[in-house]
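Participant: build me a model from this:
(one chain, ligands or ions: 1)
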Amino acid sequence: MPSNNVIRGTRIGSAPERFDQRVEPAPRRPVVYWCRHGHRVEFLIAAEAETPATWECPRCGEPAGPDPGDPPGRQRAEPYKTHLAYVQERRTPEEGEALLAEALDALRRRRGRD
Ligand SMILES: [Zn+2]
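Facilitator: Numbers count the residues shown, from 1 in each chain. Coordinates of the predicted model:
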């Protein structure tokens, strides 16, 4: 096996030099996320990288987020919407106006009573 010996010899000879060249591995920081099933998801990202919004839980496949009380799995794949966007989606502008008028009416009545 002369060819094997040559390859091994090359590797052994060059390995120490390579170790010296890369002095330190890229710095990493640990991130802990939680999925909606309460699984703790810990992973490492590059220290200078931005924290991802979600991270897939390796145990159940649901997205995990940084807040254990409000895991991202509840929102499913839907894009984030404000409460107002939901309200506007559900109601026509006319209905919205009527509701607003009603609310203002109620507010005035309450104030008048005080
Ligand atoms: Zn999970």
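Participant: the closest residue to residue 28 other than its chain neighbours: which element?
Facilitator: Nearest non-adjacent residue to residue 28, counting by C-beta to C-beta, 6 or more residues apart in numbering: residue 44, 4.3 Å away. Any C-beta I mention is one placed from the backbone N, CA and C, and that applies to glycine too. If you go by DSSP states H and E, residue 44 is part of strand 40-46.
Participant: returning to what we had before: what is the burial count for the residue nearest to residue 28?
Facilitator: 10 (other C-beta atoms under 10 Å).
Participant: oh, and call the first residue 763 from now on, that's how I've got it
Facilitator: Will do, 763 is the new start, and the previous item becomes residue 806.
Participant: give the next helix or strand downstream of the one helix or strand in the chain whose mean pLDDT sits lowest.
Facilitator: Least confident helix or strand, the chain: helix 764-783 with a mean of 55, by mean pLDDT, DSSP states H and E. Going down the chain from helix 764-783, the next helix or strand is strand 790-797, by DSSP H and E.
Participant: now for that following strand, which elements pack on it?
Facilitator: In terms of contacts (3 or more C-beta pairs under 8 Å, 6 or more residues apart in numbering; DSSP states H and E), strand 790-797 is packed against strand 802-808, strand 825-827.
Participant: would TSV of the ones you listed with distance to residue 868 and mean pLDDT be doable?
Facilitator: What follows is these, written out as TSV (distance: least, C-beta to C-beta, whole Å; pLDDT from 0 to 100):
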stretch	distance to residue 868	mean pLDDT
strand 802-808	46	95
strand 825-827	37	95
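Participant: need phi/psi at residue 811.
Facilitator: phi -80, psi 150 (degrees, to the nearest 10).
Participant: so how far is residue 805 from it?
Facilitator: 11 Å (C-beta to C-beta, to the nearest Å).
Participant: neighbour count: these two, which is higher?
Facilitator: residue 805 (14 against 11).
Participant: residues in contact with that one?
Facilitator: For residue 805, the contact set (C-beta atoms under 8 Å, 6 or more residues apart in numbering) comprises 792, 793, 795, 817.
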